[in-house]
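Asks: please find the sequence and the predicted model below.
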Amino acid sequence: MWYLHPDILINIKISRIDGEYYISSFHEKERKCNPEEIIRQFLYIKLICHYGFSQERIRIEYPIQIGSTKRRADIVVLNNEMHPYVIAETKVKMTEDSIAQLQSYINVTRANYGIVASQSEIAFFQSINDSLNSINDIPTSYRPIVDIFTRKEQPSDMMGFQKLYRINDENSIVVINDTQFSIRNNGLLSYNSIKKIALSKGIVLPLNINDNRWHQIVTKLFESAEDVKGLEGYDILNLNDVTEISILREIIVEMIARFKSDYQESGDEASAITQHCVVRKDKTVYIRIDSIMDALQFCRSKVLQKAEQNEVLKMLKTIGFVRVDSPIWFSSARKGEGKLHRVWRIKLHQILTEKEIAIYESQGT
């Protein structure tokens, strides 16, 4: 069951008033218990706890005008312009009619994403050219949209196993039903071990599967696995740290690639560092910290608060970055102008994979 997760269950409140049962969560108003309302409250919590949407952007029973009839969508998440971004319908049982109802709401509001959740399953959709397309998941409130577009759909027989992130030769992160688990690589050999770990986070996997099927799942996970630098020793169970550090790393890799391109065009290091970083001949990378913060704010579509900036600095340290006491001069686009910026440094091999370093070096200097 998609809602059997501690973060969801702990935020549900059920009360009895005059012999009637009522349910509520973050939403202040208590509502009479019925199967659809219970599912709606579970999904409401999931949108806040798992996807990071603020309560101020979520509406319950959002009015939608369809012709001369006013309908109400179960849950709507609004974007920065306060227009529908995600529309969700909750049903006791998922049917073609419930998906058709969702599509009618999306066609009218031009929302980007849709969800249909029932007591046994949850489905995600993306609207492209007035067509509703099934996808693996919707974006979080801070995840770049491109991350969703480029996801590969997992075969239906993967039993909720979505992704494997390799930290090193011994340790990995496995994602099951949108929940991340740290695990030793040899632990994937035993399905029973995985089943117990998943159960500790409220995810119930099938009691038994045959060895051949489990071998196929593990093989597919490793075939599509991604190498993630800098997660050793990091507490990945309380935050979306795999996603966060992956985004942070992508930003840094892009900055390094842009420096390489500018250096090749100008042939001059001083001209090449007009962007955000510089790579010295000893393969030390110097990154402007303000550029990293700006890029992350763009990805999340919000200003980073002080606590969030400190979390970013913690991630940089985890990856292997070291703060440099003396600022570095970065030229501006206008000749002769520039500014001193605080930077953090790291060795190229600490942030790039061996394959990425080979590509970088093959481009010459």
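Replies: Perfect, thanks for sending it. Quick caveat: nothing in here was measured; it's all calculated off a predicted structure. Residues are numbered from 1 along each chain as shown.
Asks: for Glu61, what is the enclosing helix or strand?
Replies: Glu61 is part of strand 58-66, with elements assigned from DSSP states H and E.
Asks: how far off strand 58-66 does the following helix or strand past that strand point, in degrees?
Replies: Following strand 58-66 in sequence order, the next helix or strand is strand 69-78 (DSSP H and E). Counting by axes from the mean of the first three to the mean of the last three Cα atoms, to 10 degrees, strand 69-78 lies at 140 degrees to strand 58-66.
Asks: can you name every helix or strand that strand 69-78 contacts?
Replies: helix 35-49, strand 58-66, strand 84-90, helix 96-109 (3 or more Cβ pairs under 8 Å, 6 or more residues apart in numbering; DSSP states H and E). Where C-beta positions appear, they are placed from N, C-alpha and C, glycine not excepted.
Asks: so what strands line up beside it?
Replies: Here strand 69-78 is paired, per DSSP bridges, with strand 58-66 (antiparallel), strand 84-90 (antiparallel).
Asks: contacts for the longest one?
Replies: Contact with strand 58-66 is made by 27, 29, 40, 44, 47-48, 70-78, 84, 87, 104-105, 108-109, as judged by Cβ atoms under 8 Å, 6 or more residues apart in numbering.
Asks: cutoff 6 Å now
Replies: Contacts with strand 58-66, where a contact means Cβ atoms under 6 Å, 6 or more residues apart in numbering, come from Lys70, Arg71, Arg72, Ala73, Val76, Val77, Tyr105, Val108.
Asks: mark which of those residues are buried, thanks.
Replies: Burial by neighbour count, 16 or more other Cβ atoms under 10 Å: within the contacts of strand 58-66 this picks out Ala73, Val76, Val77, Tyr105, Val108.
Asks: closest one of those residues to Ile203?
Replies: Of all the buried ones among the contacts of strand 58-66, Val77 has the smallest distance to Ile203: 24.1 Å, by Cβ to Cβ.
Asks: go ahead and confirm that closest one touches Ala88.
Replies: No. Val77 lies out of contact with Ala88 (Cβ atoms under 6 Å); the separation is 7.8 Å.
Asks: quick revisit: columns mean neighbour count, distance to Ile357 and mean pLDDT on top of the strands paired with strand 69-78, output as a markdown table?
Replies: Shown next, in a markdown table, are these (neighbours: other Cβ atoms under 10 Å; distance: least, Cβ to Cβ, whole Å; pLDDT from 0 to 100):
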| stretch | mean neighbour count | distance to Ile357 | mean pLDDT |
| --- | --- | --- | --- |
| strand 58-66 | 15 | 44 | 91 |
| strand 84-90 | 24 | 39 | 94 |
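Asks: distance to Ser362 for the ones you listed - can I get that in a markdown table?
Replies: A markdown table is the format used below for the strands paired with strand 69-78 (distance: least, Cβ to Cβ, whole Å):
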| stretch | distance to Ser362 |
| --- | --- |
| strand 58-66 | 48 |
| strand 84-90 | 42 |
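Asks: closest one to Asn34 among those strands?
Replies: For the strands paired with strand 69-78, proximity to Asn34 was assessed by Cβ to Cβ; strand 84-90 is nearest, at 10.7 Å.
Asks: next SSE after the helix or strand of the chain with the lowest mean pLDDT?
Replies: For the chain, counting by mean pLDDT, DSSP states H and E, helix 145-149 ranks last in confidence among helices and strands (a mean of 35). As assigned by DSSP H and E, the chain's next helix or strand after helix 145-149 is strand 161-166.
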